[in-house]
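Chemist: model this:
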Amino acid sequence: MEVPKRDPAAATLGVLSVLLLGASFVWAHHWGLLADALVAGWAVATLGALVLSTRALWLRDSSRLAQRLAMIGLAGGIVSIAALVLAGAAFAAGINPTGACGGG
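Modeler: Below you'll find the predicted structure:
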């Protein structure tokens, strides 16, 4: 059975979501065009990973490889959102999750 194109895309977007979230944390204090682009890219990648992965997992006619790729995408999206929630909770508790680099 052939792997549908949405399954590798879901896995790619899931991994990209986690990477972009990490980059967003590093650049969050700069408040510039780059930070805005990273956050926008993270949002698109996360939503895309969650939508494509969920859709692929609901379609049970996919191969085992397709299901695993969809699970990677779903895990990446969930990890990314969980990390964002944890960072928000840390920030609310007075901890700077991005670290202090002096701004700029």
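
Chemist: Give me the pLDDT for Leu100.
Modeler: To be clear, residue 100 is Ala; Leu isn't right here. Per-residue confidence at Ala100 stands at 59 (pLDDT).

Chemist: give me the low-pLDDT residue ranges for this structure?
Modeler: Scanning the chain for pLDDT under 70 picks out 1-6, 60-61, 97-104.

Chemist: And the contacts of stretch 80-89?
Modeler: Gly14, Ser17, Val18, Leu21, Phe25, Trp42, Thr46, Ala49, Pro97, Thr98 (CB atoms under 8 Å, 6 or more residues apart in numbering). Heads up, the C-betas are built off the backbone N, CA and C, glycines and all.

Chemist: quick one: which of these is nearest Gly77?
Modeler: Closest to Gly77 out of the contacts of stretch 80-89 is Ala49 (4.0 Å), distances taken as CB to CB.

Chemist: List the contacts of that closest one.
Modeler: Ala10, Leu13, Gly14, Leu16, Ser17, Gly73, Leu74, Gly76, Gly77, Ser80 are the contacts of Ala49 under CB under 8 Å, 6+ apart.

Chemist: switch to 10 Å and redo it
Modeler: 9-18, 70, 72-78, 80 (CB atoms under 10 Å, 6 or more residues apart in numbering).

Chemist: now do Thr54
Modeler: Ala10, Ala70, Gly73, Leu74, Gly77.

Chemist: Leu13 too?
Modeler: Going by CB under 10 Å, 6+ apart, the list of residues near Leu13 reads 6, 20, 44-53, 72-73, 76-77.

Chemist: Next, it: secondary structure please.
Modeler: Here Leu13 is helix, with the state taken from DSSP: H, G, I helix; E, B strand; the rest coil.
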